[in-house]
Every structure is written in structure tokens, then in C-alpha cells.
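K.L.:
How does the following fold in three dimensions:
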Amino acid sequence: MLMFGELLISKLLLLFAIFSIAGWVGELFYRNFISKNKNLNPGFLKGPYLPIFGFGAVLVYLIFLININLILMILISTLILTLLEFTTGLILLKFNIELWNYSTKKFNYKGLISLGVVVIWIILCIVSIIWLFPLFKKINVVPNGLMLGLGFFYIIVISDAIIRFYFLKKKK
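P.N.:
Residues are numbered from 1 along each chain as shown. The predicted structure follows:
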């Protein structure tokens, strides 16, 4: 039987994987049906996952676990997601990688964040905090088979990242 800390870590690993993949699917849908950017792979890595969404989901879930006012929870979560997007964009620009550019959008800051995207973060935070995370919190066990699958997922993601950074460094 898993202890509380082990269960929390297992759940966070699962949450990261789910939201990384869901974020990739969402970005792909947005880019192909809404945006003019038809880039097939919306991320830095080659696989069908966007870790920025996984990290964001984990951070918002940890805030969800704190017993604070709902409005404050949504505001803090939105701020964290916006800072995560901005910081990730800055880091990628240091490597001459531009995966998004909001400079043509109104109310943007350095092309890395924009009011329109902040509104999307607010909506995603509301949906996650009110509907998804309460269901996710009820998970009392992560089956061994699923943990094995998560292990393979993380081996693939980490290998993908190592290979991408290796070739990125080699280009310089």
C-alpha cells in the first residue's frame, strides 16, 4: 500500500503526463483549426507532449490542495501559469527558439504573454479547480500497470529532451 507522500507523487506524475499530452492535443487543435500557424508539432520536443502544460497542471493542483478561497486560488493559479509561460518563453529565446509570439496581439508583453492567453489560463484554471481536480483528488491508488506505463512515458520524454538539447548545443 502506498503512503500518502508516495500516492501524491504518483498522482503528480500521472497529472503531469495527462496534461502534457492533453496540452499537445489542444495546441495542435488550436494551430490547425483556429490559428494561422499550421506547424504540425507545437512544441520543442518531438513527441506528442508539451511539458509546460504538465508543469502548469502540477503547480495548479498543488495550489488546489491548499485550503484557500476559490477566487484567490484561481487568481494565484493564473498568475503562476502566466509566469511559467513567460519564463519558459525567455529561456527558449536564449536558445534562439521561438515557439510562440503574441506580438501581433493586443495587450501583449514582449510577445511572450498576452491578455487573450491569460483569459484562456483563467478558463482552464476554473475548469480544473472546480471540476477536474476534485475528481482527481479522489484517486486513492495508482495501479502498478499504470505506473509502469508512466515510467516508459518519462523515459521517452527525458530521452527526447536530452536528444533535443544535445543537437541544440551541437548547432552552436
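K.L.:
Can you name the helix or strand that the spatially most central residue of the chain falls in?
P.N.:
Nearest to the mean C-alpha position of the chain, counting by C-alpha atoms, centre = their mean, stands Phe53 at 0.8 Å. In this structure, Phe53 sits in helix 51-64 according to DSSP states H and E.
K.L.:
Following that helix in sequence, what is the next regular element?
P.N.:
Immediately after helix 51-64, counting by DSSP H and E, sits helix 70-94.
K.L.:
Helix or strand: which one has the nearest residue to the residue nearest to the centre of the chain once chain neighbours are set aside?
P.N.:
Nearest residue to Phe53, sequence neighbours excluded (C-beta to C-beta, 6 or more residues apart in numbering): Gly23, at 2.6 Å. Every C-beta, even on glycine, is put in place using the N, C-alpha and C of the backbone. Per DSSP H and E, Gly23 falls inside helix 4-33.
K.L.:
just checking, what packs against that helix?
P.N.:
helix 51-64, helix 144-171 (3 or more C-beta pairs under 8 Å, 6 or more residues apart in numbering; DSSP states H and E).
K.L.:
Test my guess that the residue nearest to the centre of the chain contacts Phe19.
P.N.:
Yes. Assessed by C-beta atoms under 8 Å, Phe53 is found in contact with Phe19 at 4.7 Å.
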